[in-house]
Each structure stands twice: as C-alpha cells, then as structure tokens.
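**Student:** my questions concern the predicted model and sequence given below.
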Amino acid sequence: QVQLVESGGGLVQAGGSLRLSCAASERTFSSFAMGWFRQAPGKEREFVAAITWNRGNTYYTNSVKGRFTISRDRAENTVYLQMNSLLPEDTAAYYCAAAGRVLTIVTIKEVAGYDYWGQGTQVTVSS
C-alpha cells in the first residue's frame, strides 16, 4: 500500500507563489504517473497536473499552464507542484495521486485513473 503525504499548502496573496510536495512512503515505490488534483468547496475534484515517473512527460490543465510546474525527484520518491502567479480561483484542497497502471493522455487527467491518494493540503489565495 503506497501512502502519499502532501505538504506546502497555506495562505498566500494573489500573485504569490507556493510549492507543494508529495512524498511516497514505499522505498520501492514504482508508479506510472503521479498527479495533482484540486477540489474547491461544492465542486468536483479536478485535474491540475501530472507527470510520468520514468520519462518525466508533463500534462497540465489549461488554466494553470504557464503558472504551475510539476516535477519529480525519483531518488526521493517525491513529486512537486510549483505554483506561481496564484489567483483566488486557485483556492482549493490540493491532492496528490499515484497511478500504478499505464494511463493514456486522456486517463492521466481523470480521477479514476489513479490508485492512491494523499490526504490533501489546503491552498488559499486571497485577493
């Protein structure tokens, strides 16, 4: 069972930056991809960004392109989400997820494509 632990959330003013981290517990952690999703109150969980573990291919939702960057440290079993130029609409609980199976360019952006989830970290952007 892979456990994912997120950190780095907080309160920031619009235009500011935060970096989220997600550490996987298993030493022999092996995943096809890891992703970040977010969920605002009263809304469905939505895709933010993903990265394939071996090749490092990255995927983003349109609203964060050019502002957010996903990266991974394979030696540390950790994935990061650098968030710049934050907007109030970025306010949400952010969740890290890991996929143990091969995903397509479609399913890598879907909640159902992921097998393991972290507990979430809150990001609040004030205007």
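**Tutor:** Nice, thanks for sending it over.

**Student:** wait, a helix at residue 41?
**Tutor:** No. Membership of residue 41 in a helix is not supported by DSSP: H, G, I helix; E, B strand; the rest coil, which gives coil.

**Student:** what's across from the residue lying closest to residue 45 once chain neighbours are set aside in the sheet?
**Tutor:** Spatial nearest neighbour of residue 45, excluding adjacent residues (CB to CB, 6 or more residues apart in numbering): residue 39 at 4.2 Å. Backbone N, C-alpha and C define where each C-beta goes, glycine included. Beta-bridge pairing of residue 39 under DSSP bridges involves residue 93.

**Student:** quick check: residue 39 touching residue 97?
**Tutor:** No. Contact between residue 39 and residue 97 fails when scored by CB atoms under 8 Å: they sit 11.8 Å apart.

**Student:** those two: who's more crowded?
**Tutor:** residue 97 (23 against 15; other CB atoms under 10 Å).

**Student:** from residue 54, how far out is that one?
**Tutor:** Distance of residue 97 to residue 54, given as CB to CB, to the nearest Å: 17 Å.
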